[in-house]
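S.K.: 3D, please:
(2 chains)
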Amino acid sequence: MILFLAKRFTGLILLLVALSTLVFFFTRSLPGDVAALYIGGNAKPEQIERARIELGLDKPLVVQYKRYMERLIFHADMGVSLRTHRPVFQDLLEKIPMSFELVFWALLFATLGGVFIGVISAYHHGTPFDGAVKWFTSAAVSIPIFFLALLLQLIFFNILGWFPLQGRIDSFLEFTHPIAHVTGFSMIDTLITGNFQAFFNVLWHMVLPVAALLVGPLGIIARLTRSSLLEVMQQDFILSARASGISEPVLFFYYGLRNALSPVLTVIGLSVALILMATFYVEMIFNWPGIGFYALAGIMSLDYPAITGIALMVGAIYVVANTLTDILRRVIDPRIK
Amino acid sequence: MDNTRTMTEHPMLQIKNLAVDFNTARGQAHILEGVDFELFPKEILALVGETGSGKSVTAKSILCLLPKSLSQSTGEVWFKKDNLLTLSNGKLQKIRGHQISMVFQNPQSSINPVFTLGEQISRLIRLYLPDQIESVMKLNNCSRKKAIDTIAEERLNEVGLTDVQRLLKSYAGQVSGGMAQRYRIALALLSSPKILIADEATSALDVTVQAHILKLMREICQKKKTAILFITHDLGIAAQICNRVAVMYSGRIVEIAPTEDIFKTPYHPYTQGLLKAVPKLGQKEALAYVPGMIPDLANPPKGCRFHPRCTYTMDVCRRRKPPMTAVGLSHRVACFLYDNHPKPRKVEI
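M.R.: Numbers count the residues shown, from 1 in each chain, chains lettered A, B, ... in the order given. Just a heads-up that it's a prediction; the model follows:
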């Protein structure tokens, strides 16, 4: 296990180095004058030239790369955002918790709901219920996420009026019950400061974006759980357990499910990346001040330090999530050792 | 073995006209067509036949383990006062494992790979033996978990497994085939069932392990008064441990008799052919075999299903199915040759 973790950790480092190199050269090859963007509109040529020297852009690319990697590795310094003029690392630290809240709930409900629906439809396989689940999951997987987000807004805000259109908290609550900054996670911060009004308001704002994020992964997880479980139910040991007088629900939920979960866990790990990418659109549509919103704004304004930072962060989260699911798989399935 | 005894006793399990059809892409396959036999208390009955003759299907349909979406079973399977084929799932669960147990061919793949052997046996102990757990708890003044462990250890020792504590923490992939099958047998006999169905239970094991397991099964079943339905393709095994032998061919029992009778005076041409095909030590000439192939079950031959391969085929064989006729005390055969004169023909063994 320790060897496995060590391997994974080295893999993570190598991946991040490769990723940062790739992103560095990629962003540098984009058209557009970065120094001009940094200094803003209506700048004099000599001001732009000074900004170019300040950013180190006058040096050869290799020198720039060396300086960039040194700062990144030894100081966790990703440079200064050209758009917000703050260190990118600090920007990310501030934005990550907001997105993380969406991703966390979406992943949690997609996993629980997906596995549950998958098991139930495997248990009732061949019935109209199973058919309906199949239809629903196909639709869930194939619907474009931005369209789903807009559809949710149309139905639940415009027609039914159950949930707010966008934002993280009602604007008047921001003044009457401001969220204290303790951990950066609004759910935790509001709870530990006893700010329940804000807590429920944030929760209420979260419902639609989380729903938009979770539908796709939920469909994939449900389908995979169903097919994986049905395959397991054909195995000798299930027949053997059935012949021992074990009831069908126990066979499915206890004897079969644990065997079937291994491929499902892999997909859950991959879903983390999927949901993270989906937050880019969803946060834009729901005006949610998280990492996706920050990333899109960065991309629009060619804010290359920010783009690099986000690419590194997404890569790191992806690898960590996959390592976690691999560890979980080893725990539930001794065959993987 | 006293052959007359079985005829007078009431059978433990009685199978009447059991027929099983499978739905296949090419239409219905008639896997079983009218299987009749009975199992008496404490006896060991061998069900022998070649691959595809329907031995395993017979075994599985006794406990209604065939998938209902793919197959239909008709006929009767009487156990005590119930026809198992018409019982509800809930009542079947009380019979499966509790009264009729089953051991399958491949021991390792019939143990759940993601739970330890300990987790699996204790689950079944809790299911079958709640009273015994209570009494062990009282006797040893210990916790429920400890009591279950004690019972598990005792039962695993019974099947000749040692170093039980380590075994209970192992997974299916970490034990040998012989150990796995001993463990499976311990599970099957936990509840001291009335009947043990062993479906090719020793076929996947090597010969020395096989001999041990056979001996073990016979001893424990004698002690627990459990009858065994022993399904095998190996006539040698049938001769070693069984009281009676039933020979299956293409979905029917063609001959059933006490072991001695069937080996000394086989009646059915198929049984005769099978016995000729058993290799003998020091044999010089080529091994005899039953010519032809097992019939296509989706489109079986009319009349007696053996007639295309039989040396004695008569007109009637092509038209009608031969009924089971008694040719001796507890010796029955399904062949038109013995309609009027119950003497075996051409016994050259």
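S.K.: Please make it C-alpha for all contacts and neighbour counts, starting now.
M.R.: Fine.
S.K.: pLDDT weak spots in the stretch 101-250 of chain A?
M.R.: Along the stretch 101-250 of chain A, the parts satisfying pLDDT under 70 run over A:171, A:173, A:177.
S.K.: Please list the residues of it that sit near chain B.
M.R.: Taking CA under 8 Å from any CA of the partner chain, the part of the stretch 101-250 of chain A that reaches chain B is made up of A:235-240, A:242-247.
S.K.: Please repeat the previous calculation with a cut-off of 6 Å.
M.R.: Neighbours of chain B within the stretch 101-250 of chain A, by CA under 6 Å from any CA of the partner chain: A:236-237, A:240, A:243-245.
S.K.: Let's have these in a markdown table, adding neighbour count.
M.R.: Formatted as a markdown table, those follow (neighbours: other CA atoms under 10 Å in any protein chain shown):
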| residue | neighbour count |
| --- | --- |
| A:236 | 19 |
| A:237 | 22 |
| A:240 | 24 |
| A:243 | 26 |
| A:244 | 26 |
| A:245 | 26 |
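S.K.: Out of the residues you listed, which comes closest to residue B:61?
M.R.: residue A:243 (11.0 Å; CA to CA).
S.K.: Skip the chain neighbours and tell me the closest residue to the closest one.
M.R.: Distance criterion CA to CA, 6 or more residues apart in numbering or on different chains; nearest residue to residue A:243, sequence neighbours excluded, is residue B:96 at 5.4 Å.
S.K.: Likewise for residue A:87?
M.R.: Residue nearest to residue A:87 in three dimensions, not counting chain neighbours: residue A:80, with 4.2 Å by CA to CA, 6+ apart.
S.K.: With residue A:262 instead?
M.R.: Nearest residue to residue A:262 in three dimensions, chain neighbours excluded: residue A:329, at 5.6 Å (CA to CA, 6+ apart).
S.K.: hmm, who's touching stretch B:98-110?
M.R.: Taking contacts as CA atoms under 6 Å, 6 or more residues apart in numbering or on different chains, the residues outside stretch B:98-110 that touch it are A:236-237, A:240, B:172, B:180-181, B:188, B:191, B:193-201.
S.K.: now, which of the residues you listed lie within helices?
M.R.: Mapping those onto helices (DSSP state H) picks out A:236-237, A:240, B:180-181, B:188.
S.K.: Next up, the contacts around residue 205.
M.R.: Unless you meant another one, I'm taking chain A. When contacts are counted by CA under 6 Å, 6+ apart, residue A:205 touches A:164, A:168.
S.K.: you looked at the wrong chain, it should be chain B
M.R.: Applying CA under 6 Å, 6+ apart, no residues qualify as near residue B:205.
S.K.: tell me the phi and psi of residue B:44?
M.R.: phi -120, psi 110 (degrees, to the nearest 10).
S.K.: what helix or strand is the closest residue to chain A within the stretch 101-250 of chain B on?
M.R.: Nearest residue of the stretch 101-250 of chain B to chain A (CA to the nearest CA) works out as residue B:110 at 3.7 Å. Assigned by DSSP states H and E, residue B:110 belongs to no helix or strand.
S.K.: State the three-state secondary structure for the spatially most central residue of chain A.
M.R.: Geometric centre of chain A, nearest residue: residue A:276, 2.3 Å, by CA atoms, centre = their mean. Under the three-state scheme (DSSP: H, G, I helix; E, B strand; the rest coil), residue A:276 adopts helix.
S.K.: Report the separation between it and chain B.
M.R.: Separation of residue A:276 from chain B (CA to the nearest CA, to the nearest Å) stands at 32 Å.
S.K.: mind listing the strands for the stretch 1-150 of chain B?
M.R.: Here the stretch 1-150 of chain B has its strands, by DSSP state E, counting those that start in this stretch, at B:13-24, B:27-39, B:44-48, B:71-79, B:82-83, B:100-103.
S.K.: Output the contacting helices and strands for the fourth one.
M.R.: Identification of packing neighbours for strand B:71-79 by 3 or more CA pairs under 6 Å, 6 or more residues apart in numbering or on different chains; DSSP states H and E yields strand B:13-24.
S.K.: okay, the strand it packs on in PDB with CA atoms only?
M.R.: This file holds the C-alpha atoms of strand B:13-24, laid out as PDB (Å, rounded to 0.1, in the frame of the first residue of the first chain):
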ATOM      1  CA  LEU B  13     -37.300 -36.600  -2.400                       C
ATOM      2  CA  GLN B  14     -39.500 -37.700  -5.300                       C
ATOM      3  CA  ILE B  15     -39.100 -36.300  -8.700                       C
ATOM      4  CA  LYS B  16     -42.000 -37.100 -11.100                       C
ATOM      5  CA  ASN B  17     -42.000 -36.300 -14.800                       C
ATOM      6  CA  LEU B  18     -39.700 -33.300 -14.500                       C
ATOM      7  CA  ALA B  19     -39.400 -31.500 -17.800                       C
ATOM      8  CA  VAL B  20     -37.300 -28.300 -18.400                       C
ATOM      9  CA  ASP B  21     -37.400 -26.200 -21.600                       C
ATOM     10  CA  PHE B  22     -34.900 -23.500 -22.300                       C
ATOM     11  CA  ASN B  23     -35.700 -20.600 -24.500                       C
ATOM     12  CA  THR B  24     -32.900 -20.300 -27.000                       C
END
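S.K.: For it, the averaged confidence score.
M.R.: Strand B:13-24 comes out with an average pLDDT of 90.
S.K.: From the contact counts, what lies against that strand?
M.R.: strand B:27-39, strand B:71-79.
S.K.: Please name the residues that touch the closest residue to chain B within the stretch 51-200 of chain A.
M.R.: Nearest residue of the stretch 51-200 of chain A to chain B (CA to the nearest CA) works out as residue A:126 at 9.2 Å. Listed by CA under 6 Å, 6+ apart, residue A:126 has no contact partners.
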